[in-house]
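Peer 1: Sequence and predicted structure below; questions after.
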Amino acid sequence: MKFVAVIRQVPDGESRLRVQGDRVDLSGATMILDQMDEYAVEEALRLKEKHGGEAVVVGFGPERTEEAIRTALAMGMDRGVHVVYEGFADPVAVAEALVEVLKEEAPTLVLTGGQQADWDSQALGGALAEALGVPVVAWTTALELEGDTAKAKHDLDEGAEWVRVRLPAVFTTQQGLNEPRYPTLPGIMKAKKKEIRKVVAAVSPKVELLAQEIQEKARLGKILDGKDPVAAAEELVRLLHEEAKVI
Amino acid sequence: MVLVVLDHDGNRLRKGSLEALTRARRLAEAFGEKVAGVLLAEEKAPVEEARKYVEVLYTATLGPYTAERWAAGVLKAAEASGAKAVVAPSSRQSRTYLGRVAYALKAGLLEDTLDSWAEGGQVYATRYAYLNRVTEKVRAPLPVVLTVKPNTTPLAEPLGGEAEVVALSVPEVPTVEVLERLQEEKKGVSLTEADVVVTGGRGMGSAEAFKRVEELAALLGGAVGATRAVVDAGWRPYAEQVGQTGKTVQPSLYIALGVSGAVQHLAGMNKSKYIVAVNKDPEAPIFKHADYGIVGDVHQVLPALIEAVKKLKD
Ligand SMILES: Cc1cc2nc3c(=O)[nH]c(=O)nc-3n(C[C@H](O)[C@H](O)[C@H](O)COP(=O)(O)OP(=O)(O)OC[C@H]3O[C@@H](n4cnc5c(N)ncnc54)[C@H](O)[C@@H]3O)c2cc1C
Ligand SMILES: Nc1ncnc2c1ncn2[C@@H]1O[C@H](COP(=O)(O)O)[C@@H](O)[C@H]1O
């Protein structure tokens, strides 16, 4: 069996973002393995531990993405493939760039995060599934293998459902599926020796980025003291009614 | 043609569909094209209502929703209409199956757009990125697949005619087998459409305390939201979670009760018009993002708020 996690490197949500000219400048940001993809890595590891086989991390992005691949290797993934591309690629272009590598790997299943913390895209799972001609289960919260099928629980817009799917298939991951482990020191040491195969991607972006800006809405910051809860509540309701005119 | 995916609840078109129609009409006008609709149903769909909004209506009854069936239905309608642009309301489901559609059409995918327009044969859009912190402008040549963020666009009016209805024959596709639906009981307005959202965080202390959150939401005609901490604790269903892994909301009024204001939570609500926070910790990060706030204990402030709103309504 082979379990593949597709990952990317993104800025830590806690780190401050800057815009230089009309582009986000990530030079000062702390870059991390996308936390949504972390659930994919963790699930690949758990599946391997339970069913045997190999857990492979496939990373897409610029040179620095190697750090995120190393993180996944330090968590326990067996080896990595880095599809290198400097620049922005929309999810359709990313899926096109990954399809050959994924077909070569012929995985039992593919896992990737439900949403990307940089481009806020939710489409990669669906695009990858279409590229591979297999079903997608989005926003997975439980996953069990049963022979050549998987039983999975996943979220819909409203409610959730259990599905059975013949493998291979693509699953997008999120909170609730598992608790990602931290890389251990021995894990980090071992990761340094693990193989990362570099592939230069053929990428043809369909979407062009024109400009980016940070529009923090200036907030009023009228914070009342609640020592007298009744007075504070009445004043708040008055402000919402008379000033903001929202109630 | 510009093709609109009309989302519905079996009986009525959803508000998001009327926003998507407005966007589709703008593109159609710029390209000198007509607007076709596609109405996909598990069992039944509001065909008569939908006919009023488009010039041709493609329909198909496909059985339980799966990303594969819905992608196949949209692709069939795109083929039948010769559409070069597909416009749909943005939702977690649509953003999944339209990933398939965009790949199949080799289209530029413009996700969760705030605004969109056509110029020189290309489609432009603005959208958020980096956990809702950055606004970006993007462009794609045709074909495009575009999703419309809820509450960003005026609602379309009926056209005044009744479109021809064309039943699609959608091919069977390999897909998942739905074993069991876990429906959540629906109360009041839907979270993503609500103009007022009242969210409780871990500071609420218990599932029971949310009765008061529900009461305030109902008084304001709004919906209840929850943080991940609350969902993880099992106090509220995941469908109510606001944030990076939950829903994105942009109401006129967002009230956060006992919520610390973690970035992943802010990602789901930081574009709300007015943000109100109640937290006992004056240093809580949520206050930096609040227009109004009360530093105090929710267990005292929330009942007082409910009373004050009731008084205002009388
Ligand atoms: C990949 C990833 C995705 C995530 N996605 C989401 C998401 O979609 N949505 C989300 O919400 N979180 C998400 N999180 C979690 C997020 O980081 C926070 O842990 C979470 O939002 C905290 O919820 P909270 O504010 O309810 O709880 P806490 O952070 O524990 O805050 C509780 C607050 O209540 C206050 N309080 C306590 N008692 C009282 C009282 N009696 N009266 C008034 N105030 C009181 C406290 O001062 C505190 O500020 C995600 C995390 C990760 C890693
Ligand atoms: N959401 C986005 N849409 C379009 N381009 C982006 C987006 N996010 C980042 N980029 C650009 O893509 C390039 C590489 O981004 P990154 O891979 O995040 O370093 C940079 O020029 C970014 O500005």
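Peer 2: Okay, I see it. Owing to the predicted nature of the structure, the values given are computational and were not obtained by experimental measurement. Residues are numbered from 1 along each chain as shown, chains lettered A, B, ... in the order given. Ligands and ions are numbered 1, 2, ... in the order given.
Peer 1: how near is the closest residue to B:Tyr124 other than its chain neighbours to ligand 1?
Peer 2: Once flanking residues are discounted, B:Tyr124 sits nearest to B:Arg139: 5.0 Å by Cβ to Cβ, 6 or more residues apart in numbering or on different chains. (Each C-beta comes from the backbone N, C-alpha and C, glycine too.) Look at B:Arg139 and ligand 1: by Cβ to the nearest ligand atom, to the nearest Å, they are 30 Å apart.
Peer 1: ok, now B:Val178?
Peer 2: 25 Å.
Peer 1: Then B:Gly205?
Peer 2: Using Cβ to the nearest ligand atom, B:Gly205 is found at 6 Å from ligand 1.
Peer 1: Just list the residues touching that residue, thanks.
Peer 2: Counting by Cβ atoms under 8 Å, 6 or more residues apart in numbering or on different chains, B:Gly205 makes contact with B:Gly258, B:Val298, B:His299.
Peer 1: looking at it, the first one is touching B:Val278, isn't it?
Peer 2: In this case it means B:Gly258. Yes - using Cβ atoms under 8 Å, B:Gly258 is in contact with B:Val278, at 7.0 Å.
Peer 1: joint contacts of these two?
Peer 2: With Cβ under 8 Å, 6+ apart as the test, B:Gly258 and B:Val278 both reach B:Val298.
Peer 1: more crowded one of those two?
Peer 2: B:Val278 (33 against 28; other Cβ atoms under 10 Å in any protein chain shown).
Peer 1: Now do the helix or strand hosting that one: which elements does it pack against?
Peer 2: Using DSSP states H and E, B:Val278 sits in strand B:274-279. Secondary structure elements in contact with strand B:274-279, counted by 3 or more Cβ pairs under 8 Å, 6 or more residues apart in numbering or on different chains; DSSP states H and E, are strand B:253-257, strand B:292-295, helix B:298-313.
Peer 1: Listing partners with orientation, what would you give for the shortest one?
Peer 2: Looking at strand B:292-295 with DSSP bridges, its partner strands are strand A:222-225 (parallel), strand B:274-279 (parallel).
Peer 1: counting residues per strand, which one in the chain is longest?
Peer 2: Chain wasn't specified; assuming chain A. For chain A, the longest strand by residue count, based on DSSP state E, is strand A:136-146.
Peer 1: actually chain B
Peer 2: Per DSSP E, chain B has its longest strand at strand B:108-119.
Peer 1: touching chain A at all, that one?
Peer 2: Yes - using Cβ under 8 Å from any Cβ of the partner chain, strand B:108-119 reaches chain A at B:Gly108, B:Leu109, B:Leu110, B:Glu111, B:Asp112.
Peer 1: would you list those residues in CSV and tack on neighbour count?
Peer 2: Listed next are these as CSV, based on neighbours: other Cβ atoms under 10 Å in any protein chain shown:
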residue, neighbour count
B:Gly108, 26
B:Leu109, 28
B:Leu110, 26
B:Glu111, 28
B:Asp112, 24
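Peer 1: sorry, back to before: for the longest strand of chain A, what is the average pLDDT?
Peer 2: For strand A:136-146, the mean per-residue pLDDT is 97.
Peer 1: contacting residues around the residue in the stretch 151-300 of chain B positioned nearest to chain A?
Peer 2: Residue nearest to chain A within the stretch 151-300 of chain B (Cβ to the nearest Cβ): B:Gly296, separated by 2.2 Å. For B:Gly296, the contact set (Cβ under 8 Å, 6+ apart) comprises A:Asp225, A:Gly226, A:Lys227, A:Pro229, A:Ala232, B:Val278, B:Lys280.
Peer 1: now for the residues you listed, which pair is the farthest apart?
Peer 2: Within the contacts of B:Gly296, A:Lys227 and B:Val278 form the most distant pair, 13.4 Å apart (Cβ to Cβ).
Peer 1: Spatially, which residue comes closest to B:Pro303, not counting chain neighbours?
Peer 2: B:Pro303 sits nearest to B:Arg212 (Cβ to Cβ, 6+ apart), 6.6 Å away.
Peer 1: just how off-centre is the helix or strand hosting the one you found within its chain?
Peer 2: Here B:Arg212 sits within helix B:210-219, counting by DSSP H and E. Helix B:210-219 sits 22 Å away from the centroid of its parent chain (Cα atoms, centre = their mean, to the nearest Å).
Peer 1: list the buried ones in that helix?
Peer 2: Buried residues in helix B:210-219, counted by 16 or more other Cβ atoms under 10 Å in any protein chain shown: B:Phe210, B:Arg212, B:Val213, B:Glu215, B:Leu216, B:Ala217, B:Ala218, B:Leu219.
Peer 1: what about it and ligand 1, any contact?
Peer 2: No - using Cβ under 6 Å from any ligand atom, helix B:210-219 stays clear of ligand 1, with a minimum separation of 12.0 Å.
Peer 1: what's the angle from that helix to strand B:253-257?
Peer 2: Helix B:210-219 and strand B:253-257 are oriented at 170 degrees to each other (axes from the mean of the first three to the mean of the last three Cα atoms, to 10 degrees).
Peer 1: re the thing from before, most packed of the strands paired with strand B:292-295?
Peer 2: Compared across those, strand B:274-279 shows the largest average neighbour count, a mean of 27 (mean count of other Cβ atoms under 10 Å in any protein chain shown).
Peer 1: Dump that strand to PDB, restricted to CA.
Peer 2: Output of strand B:274-279 as PDB, limited to C-alpha atoms (Å, rounded to 0.1, in the frame of the first residue of the first chain):
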ATOM      1  CA  TYR B 274     -19.400  45.600  12.900                       C
ATOM      2  CA  ILE B 275     -17.700  43.300  15.400                       C
ATOM      3  CA  VAL B 276     -18.700  43.200  19.000                       C
ATOM      4  CA  ALA B 277     -16.800  41.300  21.700                       C
ATOM      5  CA  VAL B 278     -17.600  40.400  25.200                       C
ATOM      6  CA  ASN B 279     -14.600  38.900  27.100                       C
END
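Peer 1: Looking at the residues of strand B:108-119 next to chain A, which is nearest chain A?
Peer 2: B:Gly108 (4.0 Å).
Peer 1: if we can go back for a sec, go through the helices and strands packed on strand B:274-279 and pick out the most buried.
Peer 2: That would be strand B:253-257, which, of these, has the most neighbours on average (mean count of other Cβ under 10 Å), namely a mean of 28.
Peer 1: need the helices for chain A, in chain order.
Peer 2: Along chain A, counting by DSSP state H, helices occupy A:35-51, A:65-75, A:91-105, A:124-132, A:185-193, A:229-238.
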